[in-house]
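Participant: Build the 3D model from these lines:
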Amino acid sequence: MNMRIQLLQFVEFNMPHKDLEKQKEYKHKWYMENRERILKERAIIYQAKTKEERHPEERKEYFRKRYVENKEEIDKKTSEWAKNHPEKKALYARRSYHKNPEKMKASHRKWMKANPEKNRLYHFRRRANGYDKIDIDILDKVFENNIKEYGVLTCIYCEIPIGDKKKVIDHLTPISRGGDNSYENLGVACFSCNSSKKDKTYDEFIKYKSVADLSNKYNVSLKQCTN
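Facilitator: Numbers count the residues shown, from 1 in each chain. Got it, this is the predicted structure:
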């Protein structure tokens with residue numbers, strides 16, 4: 001039962017007067033005499049509760065309404081905060097996931113479905129060596145310039161339009177051989193060429209591929225073609 005109601009019931013039960021004005025005076029006098037104890041007890045009860053426990057539904061409704069009314073401003077501030085505090089963002093994300101794993105998975109699937117392009121870029125960034133170290137602006141530039149050069153998204157090795165086939169961001173000079181994540185060292189490749197290239201450089205793979213194409217065309221071994 002609410003503590004305030006309990007106190008009122010106690011005061012009314014011990015009320016010596018029936019007159020309303022005198023009752024009011026008595027309640028006020030009793031409160032002033034016990035004010036310090038009452039406030040202390042209220043503080044203990046209040047502090048023992050979490051914010052959600054204090055006013056759960058009211059808080060949820062308030063923040064929902066506030067977000068709807070100020071969506072653009074809140075999203076902008078949240079984005080700026082996340083950019084300036086990557087470690088805290090990662091920590092909060094881990095906490096949320098461990099607290100509600102199924103809810104977070106469902107939310108992530110919903111986001112991927114609603115944002116296919118952002119999801120594609122996210123996975124390209126994860127695929128690239130050095131995980132998440134490729135700047136998003138550099139990735140955008142790689143894709144945009146590929147389309148400008150070829151008309152449609154095209155593999156830089158076989159020069160065949162990729163279309164709906166699996167595509168990856170490839171390092172022209174592999175990270176293992178001193179390459180980096182700069183724009184000049186990145187290109188769009190089809191999954192087939194990327195798998196065949198392995199740890200070769202761009203020039204090495206182009207040479208290897210031309211020999212392999214001759215081998216397939218004339219049905220001879222790679223060794224015979226190189227000789």
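Participant: C-alpha from now on. contacts and neighbour counts both.
Facilitator: Fine.
Participant: unless I'm mixing things up, Tyr97 is touching His108, no?
Facilitator: No. Using Cα atoms under 8 Å, Tyr97 is not in contact with His108, being 10.6 Å away.
Participant: any idea how far Asp140 is from Tyr183?
Facilitator: In this view, Asp140 and Tyr183 are 10 Å apart by Cα to Cα, to the nearest Å.
Participant: In contact with the spatially most central residue of the chain, which residues?
Facilitator: The centroid of the chain falls nearest to Ala93 when counting by Cα atoms, centre = their mean (7.4 Å). Listed by Cα atoms under 8 Å, 6 or more residues apart in numbering, the contact set of Ala93 is empty.
Participant: Spell out the residue ranges of the helices in the chain.
Facilitator: Secondary structure of the chain by DSSP state H: the helices cover 3-13, 20-48, 51-54, 56-69, 71-84, 86-99, 101-114, 116-127, 136-150, 191-197, 202-218, 222-226.
Participant: ok, how many other residues are close to Asp203?
Facilitator: By other Cα atoms under 10 Å, 12 other residues sit near Asp203.
Participant: And Thr78, by the same measure?
Facilitator: Using other Cα under 10 Å, Thr78 has 12 neighbouring residues.
Participant: now it: how far from Leu186?
Facilitator: Distance from Thr78 to Leu186, by Cα to Cα: 31 Å.
Participant: now swap in Ser210 and tell me
Facilitator: Relative to Leu186, Ser210 is positioned 21 Å away (Cα to Cα).
Participant: Compare these two (neighbour count), which wins?
Facilitator: A count of neighbours by other Cα under 10 Å puts Leu186 above the other of Ser210 and Leu186, at 22 against 13.
Participant: Neighbours of the nearest residue to that one once chain neighbours are set aside, how many?
Facilitator: Computed as Cα to Cα, 6 or more residues apart in numbering, the closest residue to Leu186 that is not its neighbour in sequence is His171, at 4.8 Å. The burial count assigned to His171 is 25, neighbours taken as other Cα under 10 Å.
Participant: gap between His171 and Lys200?
Facilitator: Distance from His171 to Lys200, counting by Cα to Cα: 10 Å.
Participant: List the buried residues of stretch 185-196.
Facilitator: Buried residues in stretch 185-196, defined by neighbour count with 16 or more other Cα atoms under 10 Å: Asn185, Leu186, Gly187, Val188, Ala189, Cys190, Phe191, Cys193, Asn194.
Participant: among these, which two are most distant?
Facilitator: Asn185 and Phe191 (17.6 Å; Cα to Cα).
Participant: what about the nearest residue to Ala189 once chain neighbours are set aside, how many neighbours?
Facilitator: The spatial neighbour of Ala189 that comes closest, neighbours along the chain excluded (Cα to Cα, 6+ apart), is Cys155 at 4.3 Å. Using other Cα under 10 Å, Cys155 has 25 other residues around it.
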